[in-house]
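A.B. asks: Just a sequence and a predicted model for now, questions to come.
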Amino acid sequence: MMGTLFVSLVSCLIATSQASLIDRCDLARVLYKEDLDGFEGYSLADWPCLAFVESKFNISKVNENADGSFDYGIFQINSHYWCNDYRSHSEDICHEDCQDLLSPNLLSIISCTKKIVSGAGGMKNW
Ligand SMILES: *[C@@H]1O[C@H](CO)[C@@H](O)[C@H](O)[C@H]1NC(C)=O
């Protein structure tokens, strides 16, 4: 009885912590659908690589930087320049609430990503 409860509790916890991870093929599908294949000269394959390096495919990853700004989501977009987190100064160039960049549907983060990669430096902004 206790054993069963324990097992289902543990599998529940595992399911919760993995909910933030996106499968790289699912990610590629969304990126393709949102026209990132060839966008600004970058191939579709560049984006899962960036997601791996930045977040290990964790769409809810938030990381605090030494300067007090935060990096958000699968591509670790920085609050100092790109999104507003209402707790540190931000240029908010993407006009996005940083929390929206953590959405599992990825639409806000993809739209902000397109804005970043369209600017001077392209993918070197990461
Ligand atoms: C994803 O990131 C969040 C926030 O940084 C963290 O709490 C969570 O444990 C991470 N998930 C995995 C599976 O690493």
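C.D. replies: Received it, and whenever you're ready, just let me know what you need.
A.B. asks: distance of Asp85 from the ligand?
C.D. replies: For Asp85, the distance to the ligand (CB to the nearest ligand atom, to the nearest Å) stands at 14 Å. C-beta: built from backbone N, CA, C; applies to glycine.
A.B. asks: Share the number of residues neighbouring that residue, please.
C.D. replies: By other CB atoms under 10 Å, the residues close to Asp85 number 20.
A.B. asks: and it, what are its phi and psi?
C.D. replies: Main-chain torsions, Asp85, degrees, to the nearest 10: phi -110, psi 0.
A.B. asks: With Asn78 instead?
C.D. replies: The phi/psi pair for Asn78 (degrees, to the nearest 10) reads phi -80, psi 130.
A.B. asks: what does Ser88 give?
C.D. replies: Main-chain torsions, Ser88, degrees, to the nearest 10: phi -140, psi 160.
A.B. asks: same question, the one 10 residues further on
C.D. replies: Main-chain dihedrals, Cys98, degrees, to the nearest 10: phi -50, psi -40.
A.B. asks: gap between it and Asp46?
C.D. replies: Cys98 sits at a distance of 23 Å from Asp46 (criterion: CB to CB, to the nearest Å).
A.B. asks: quick one: which of those two has more around it?
C.D. replies: Using other CB under 10 Å, the more surrounded residue of Cys98 and Asp46 is Cys98, with 28 against 16.
A.B. asks: these two touch, right, that one and Asn84?
C.D. replies: Yes: Cys98 lies in contact with Asn84 (CB atoms under 8 Å); the separation is 6.3 Å.
A.B. asks: Let's test this: mean pLDDT of the helix or strand containing Lys115, rounded?
C.D. replies: In this assignment (DSSP states H and E), Lys115 forms part of helix 107-118. The average pLDDT within helix 107-118 is 97.
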